[in-house]
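> I need the structure of the sequence given here:
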Amino acid sequence: FEFGWKRCLSPELKSEVREFLFDLEGASNYALGVGTAEAVGVRADGDHTLVVSLERPTGYFLQSLAASPFFPVPEHAVAVHGDNWIRPENIVSNGPFLLTAMDLESGITMKRNPDYHGVSRGNVSQIEVLFAHGDSGEPYKRYEQDQLDLLLLFEVSAEEVDIVRQRHPDEYLTAPVLGTSYVNFDVSRPPFDDARVRRAFCMAIDREWLSDITFRGYVTPAAGGFVPPGMPGPMCQVWRCRTTRPKRASYWRKPAMPMESDFQTSSAFPWPGHTQLRRRPSSNPGGLKTLAWK
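Numbers count the residues shown, from 1 in each chain. Coordinates of the predicted model:
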């Protein structure tokens, strides 16, 4: 764990997910090249103990450990194979499946790990993940032709999801996702350098209408602030700009008055979750073929 966390933070690697680790003491300084790996607040104390020091009190830290940047990385495999440690013939992992084939253009294949000791072992013997390119409608066509067992409905409009639900009501699944989509104002230039303008726009947006009509109920308004429900720290009673009539929203034209300058969270929508199509188990016993966007 210590090696993997510090490797993710290293300035040389320039990992896109290193900010997940910035709650560690000294982590951001090391990642930005102004600190050392030795100053990062993580160290192994024997074979079974990890000592972690945080930059500040962090109530969500234990939950954040489920994110991939906190996963262990086999130092001995990286030392021998370098960047090629992730190749099927070199990789060392401890999950329910083992990587058996990998092509960065076409996809990957995984087989069941006989040494996995997790609580749920499942009954799938092999998973084939195909990478999608180009036309967003092509994956759905392949699902319709029984070439895929599982299809995540990314890059699909609300109207298209409605059609999919009607055609495959017994195979359509959805689950919550802890995420928030939002729109930022560019406060460096007019008119959004004026806090009153930003507030007026926030008050003029009907979030309930957008979520129910435009997005057809697949999203919900971020009534509790930026942190979505289900995560530690959501503020269910937090004040937010409420939708109002356009006449009232134009009050920003009146003489200046002190107001907050950041209203990005009031324009946020927590997406309700992953949507997918999944074949019944009898369609492909023992194996699973799915598709991911590359």
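
> Checking the closest residue to V187 other than its chain neighbours next. Helix, strand or coil?
Of all residues beyond its chain neighbours, the one nearest V187 is D193 (5.4 Å), with distances taken as C-beta to C-beta, 6 or more residues apart in numbering. Placement of C-beta: from N, CA and C, glycine included. With DSSP: H, G, I helix; E, B strand; the rest coil as the basis, D193 sits in coil.

> Next one: D193 from N84, what distance?
According to C-beta to C-beta, to the nearest Å, D193 and N84 sit 50 Å apart.

> Also V129?
Relative to N84, and taking C-beta to C-beta, V129 is found at 20 Å.

> One more: G217?
Remark: distance between G217 and N84 (C-beta to C-beta) = 46 Å.

> repeat for S181
37 Å.

> So for this structure, the centremost residue is which one?
For the chain, G179 is the residue whose C-alpha lies nearest the centre (C-alpha atoms, centre = their mean; 6.9 Å).

> can you map out the helices along the stretch 151-294 of the chain?
Taking DSSP state H, counting those that start in this stretch as the criterion, the stretch 151-294 of the chain contains helices spanning 158-167, 195-204, 207-209, 246-249.

> Now do the buried residues in the shortest one.
The neighbour-count check on helix 207-209 (16 or more other C-beta atoms under 10 Å) flags R207 as buried.

> How about stretch 185-199?
185, 195-199.

> among those, which two are most distant?
For the buried residues of stretch 185-199, the farthest-apart pair by C-beta to C-beta is F185 and R196; their separation is 12.1 Å.

> ok so, going back, specify which member of the buried residues of stretch 185-199 is nearest to S125.
Once C-beta to C-beta is applied, the member of the buried residues of stretch 185-199 that ends up nearest S125 is F185, at 51.2 Å.

> What's the separation between A77 and I86?
9 Å.

> cool, R216 as well?
40 Å.

> again with A66
Taking C-beta to C-beta, one finds A66 at 21 Å from I86.

> more crowded one of those two?
I86 (15 against 8; other C-beta atoms under 10 Å).

> which residues touch the more buried one?
I86 sits next to 99, 102 when contact means C-beta atoms under 8 Å, 6 or more residues apart in numbering.

> So what does it have for phi and psi?
Main-chain torsions, I86, degrees, to the nearest 10: phi -90, psi 0.

> Looking at per-residue confidence, what score does it get?
You'll see I86 listed with a pLDDT of 93.

> repeat for P74
The model's pLDDT for P74 equals 95.

> Count residues in the vicinity of Y116, would you?
15.

> picking that back up, who's more crowded, V129 and N84?
Shown here are V129 and N84; by other C-beta under 10 Å, V129 has more neighbours (16 against 12).

> The helix or strand encompassing the more buried one: partners in the sheet, and parallel or antiparallel?
Applying DSSP states H and E as the criterion places V129 in strand 126-132. If you go by DSSP bridges, strand 126-132 pairs up with strand 107-112 (antiparallel), strand 287-293 (parallel).

> Pretty sure G230 sits against G179.
No. With contact defined as C-beta atoms under 8 Å, G230 does not reach G179; the gap is 10.2 Å.

> So which bits of the following helix or strand past the strand holding V129 are buried?
Sequence order places helix 138-144 as the next helix or strand after strand 126-132, per DSSP H and E. Neighbour-count burial for helix 138-144, counted by 16+ other C-beta under 10 Å, picks out 139-140, 142-143.
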